[in-house]
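In: Mind folding the following:
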Amino acid sequence: MGAAAQMHFTIIDYVIFALMLVASMCIGLYYALAGGRQRTTQEFLLADRSMSCLPLSLSLFATFQSAVAIVGVPTEVYKHGTQYWFIGCAYILGLLIPAHVFIPVFYRLHLTSAYQYLELRFNRQVRVCGTLTFIFQMVIYMGVCVYTPALALNAVTGFDLWSAVLATGLVSTLYTTLGGLKAVIWTDVFQTLVMFAGQLVVIVVGVHQTGGGRGLEESLGGKPHLWHRPEP
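Out: Residues are numbered from 1 along each chain as shown. Here you go, the predicted model:
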């Protein structure tokens, strides 16, 4: 398909995109004005230690399911095969060992990060070195995470690249700064549900367009169904 066939955002697409950003901002504003209004370190950085398991789990899931994973992994598997799944074996060990060995130690010591433990175990210089290394890594990683969906939008819809980068980056910074960790967790929950819904739609539409709906219809005895598209 040539450049003339490239799709562009319609008014509905712009409205949905804007609503996503506004909803994330509203979550940040709500927690900036509710409860203790993020006036203490305990509330801002630790969500007042009042969050339940489900939103925390969904927030962690959203952290791992970044745009890099959603856009990059299918491309990797499509081009080079399913050997990428072996990374899951490393994830099993990489999650179980910290969960049962390291996290209980941090919890008993009332630590909020691994860098505090570095200072307790060694000295402040080691803590600063570890912190700076992590910051350097995350600055590069978050740049890729923001740029990837913006590039995808630009490639398939013609939506302005840097407008998408600035919009998502600015909104993320604002709701995190205003609402603290509670806003981050509940925004992640919202975004996880949106990602699940989007992936489900992609699967359903993909199966339908490749003839999956018609094959299912034939297996059910040729009865007409709503997804049947008449031949032109």
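In: lowest average confidence, helix or strand, in this structure?
Out: Sorted by mean pLDDT, DSSP states H and E, the helices and strands of the chain end with helix 212-219, the least confident at a mean of 55.
In: where in the chain is pLDDT low?
Out: For the chain, applying pLDDT under 70 flags the ranges 1-7, 35-36, 212-232.
In: all helices for it, in order.
Out: All helices of the chain, identified by DSSP state H, fall at 11-33, 41-46, 53-64, 67, 73-80, 87-97, 103-108, 114-121, 124-157, 161-209, 212-219.
In: Can you give the distance from the helix or strand following the third one to the centre of its chain?
Out: In this case it means helix 53-64. For helix 53-64, the following helix or strand on the C-terminal side (DSSP states H and E) is helix 67. Put simply, helix 67 sits 7 Å off its chain's centre (Cα atoms, centre = their mean, to the nearest Å).
In: likewise stretch 133-145?
Out: For stretch 133-145, the distance to the chain centre is 15 Å (Cα atoms, centre = their mean).
In: now do stretch 197-205
Out: For stretch 197-205, the distance to the chain centre is 16 Å (Cα atoms, centre = their mean).
In: Please render the helices of the chain as a markdown table that adds mean neighbour count to the earlier fields.
Out: Where C-beta positions appear, they are placed from N, C-alpha and C, glycine not excepted. Listed next are the helices of the chain as a markdown table, based on neighbours: other Cβ atoms under 10 Å:
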| stretch | mean neighbour count |
| --- | --- |
| helix 11-33 | 15 |
| helix 41-46 | 15 |
| helix 53-64 | 14 |
| helix 67 | 18 |
| helix 73-80 | 11 |
| helix 87-97 | 10 |
| helix 103-108 | 11 |
| helix 114-121 | 15 |
| helix 124-157 | 14 |
| helix 161-209 | 16 |
| helix 212-219 | 13 |
